[in-house]
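J.: Give me a model of this one.
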Amino acid sequence: MAFVGMMLLGLFPASIALASQSVMITVTKGFGLSLYASDLGDIKQMTMGDNGTLFVGSQKSGTVYALVDTDQNGQVDKRYLIARGLEYPEALAFHDGALYVTEEDRIIRFEDIESRLRRPSRAREVYSNLPNLDKKYSRSMRFGPDGRLYVSIGSPCNVCEASSPFGSIVAINVDTGASEQIAFGLRSVTGFDWAPDDKKLWFADLGRNWMGDNIPADEINRVDIKGSHFGFPYLHGTDVVEPAYDKPKNLNVIVPEFELPAHVAPTGLSFYRGQQFPERYQHKIFVAENGSWNRSSKVGYQIVMLDIENNKINQRETVVSFLDGEFPVARPFDVINAPDGAMYISDDLKGNVYRLFYNAPEQSQESN
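T.: Model prediction:
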């Protein structure tokens with residue numbers, strides 16, 4: 001499958017030839033979408049190296065890849081298999097020249113990785129207190145402004161009262177192993193980032209299943225006070241009370257900053273820190289909505305921008321839609337900043353990475 005730039009007028013459907021069928025991807029005015037890399041398996045989360053290497057982790061296939069665009073033409077021309085045979089290496093982070101990967105119930109580190117892409121050094125264990133993978137749960141990680149490694153540890157269920165550290169975000173000092181729980185009462189968080197201005201931590205949380213098509217909402221939350229509880233499993237969204245469990249009377253629950261439609265599945269979240277996109281997109285939240293799987297009609301399957309003013313989200317705009325009617329062309333899982341001001345989008349449906357970029361409107365044209 002070959003993509004060319006799709007500069008579009010308004011929200012414009014671009015027809016893409018895919019084998020024997022034609023599919024539609026919708027991209028907002030001025031933006032283009034291209035295929036950056038393909039055939040990467042069930043890829044999930046991404047992280048960026050200091051030298052522009054894009055690292056992608058998988059879930060069940062157990063692989064970690066490094067992707068390099070040596071001629072900087074917007075398409076990968078070198079890929080390296082960093083590791084294979086790992087147990088659920090979906091969460092990645094990069095810091096001080098090293099690649100960090102979750103594997104089984106631990107976190108491992110590949111030192112000086114960008115100078116050793118052909119022959120990575122043997123990974124070293126740096127943390128071993130993650131919950132056992134016998135209870136499957138979501139997890140993600142990235143380094144915070146304070147230099148600690150923040151790890152989200154999802155709940156191992158649709159809805160339950162799980163023991164700690166399930167359902168929390170933990171900050172780890174990778175040098176000493178000391179850890180601190182930053183947030184509680186989470187269900188499934190794989191997208192989080194810090195606001196560029198005040199460094200507050202924002203995260204997306206997936207609502208529970210099997211309450212109907214339209215409830216409960218998926219959530220966008222902000223951590224103002226360390227140790228806050230965000231409601232799961234007792235309260236979903238702002239006001240949907242869980243019938244199976246009673247909230248403890250003395251528990252103070254923080255309600256969402258913004259409610260997304262039920263089942264859009266916000267798996268990736270990043271603030272846009274580049275300069276390539278117009279000013280109205282800068283320092284705004286971009287969310288990868290992985291899409292619904294248990295709803296009578298499909299929702300999500302798109303990249304949205306959340307407009308923030310005075311620390312409040314006031315609107316949600318679609319930037320890219322991968323849903324062609326009821327047919328998902330892709331399932332975006334993660335979205336991160338690229339060094340040149342573009343953004344990368346991982347697709348766990350087809351194993352692709354897409355590059356979202358912006359061209360001046362006068363340069364825009366429709367491409368098929």
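J.: so who does the nearest residue to residue 281 once chain neighbours are set aside touch?
T.: Leaving aside its sequence neighbours, residue 281 sits nearest to residue 272 (C-beta to C-beta, 6 or more residues apart in numbering; 5.6 Å). In this view, the C-beta of every residue, glycine as well, is placed from N, C-alpha and C. Counting by C-beta atoms under 8 Å, 6 or more residues apart in numbering, residue 272 touches 281, 282, 283, 284, 285, 286, 305, 337, 343.
J.: again, but for residue 240
T.: Per C-beta under 8 Å, 6+ apart, neighbours of residue 240: 211, 215, 216, 217.
J.: can you put these in JSON lines and add secondary structure, pLDDT and neighbour count?
T.: Shown next, in JSON lines, are those (DSSP: H, G, I helix; E, B strand; the rest coil; pLDDT from 0 to 100; neighbours: other C-beta atoms under 10 Å):
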{"residue": "211", "secondary structure": "coil", "pLDDT": "95", "neighbour count": "17"}
{"residue": "215", "secondary structure": "coil", "pLDDT": "96", "neighbour count": "15"}
{"residue": "216", "secondary structure": "coil", "pLDDT": "97", "neighbour count": "24"}
{"residue": "217", "secondary structure": "coil", "pLDDT": "98", "neighbour count": "21"}
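J.: Now the residue nearest to residue 281, what are its backbone angles?
T.: The phi and psi values for residue 272, taken as degrees, to the nearest 10, are phi -80, psi 120.
J.: List the residues that contact the closest residue to residue 140 other than its chain neighbours.
T.: Excluding its sequence neighbours, the residue lying closest to residue 140 (C-beta to C-beta, 6+ apart) is residue 190, at 4.2 Å. Residue 190 makes contacts with 44-45, 91, 138-140, 152, 154, 204, 267-268, 333-334, as judged by C-beta under 8 Å, 6+ apart.
J.: taking these one by one, which sit in strands?
T.: Residues of the contacts of residue 190 located in strands (DSSP state E): 44, 45, 139, 140, 152, 204, 267, 268, 333, 334.
J.: returning to that earlier point: closest one to residue 249 out of the contacts of residue 190, please.
T.: residue 154 (26.1 Å; C-beta to C-beta).
J.: contacting residues for the closest one?
T.: Contacts of residue 154 (C-beta under 8 Å, 6+ apart): 137, 138, 139, 166, 167, 186, 187, 188, 189, 190.
J.: Now it. Nearest residue, chain neighbours left out?
T.: residue 138 (3.5 Å).
J.: what's the spacing between that neighbour and residue 169?
T.: Noted for residue 138: a distance of 12 Å to residue 169, by C-beta to C-beta, to the nearest Å.
J.: Then residue 33?
T.: For residue 33, the distance to residue 169 equals 31 Å [C-beta to C-beta].
J.: follow-up on the earlier one: show me the contacts for the residue nearest to residue 154.
T.: 152, 154, 188, 189, 190.
J.: Please repeat the previous calculation with a cut-off of 10 Å.
T.: 44, 59, 88, 90-91, 152-156, 186-190, 206, 267 (C-beta atoms under 10 Å, 6 or more residues apart in numbering).
J.: Residue 197 too?
T.: With C-beta under 10 Å, 6+ apart, residue 197 has these contacts: 271, 283, 308, 311.
J.: Show me the residues you listed that map onto strands.
T.: Short answer: the contacts of residue 197 in strands (DSSP E) are 271, 308.
J.: Cool, thanks, signing off.
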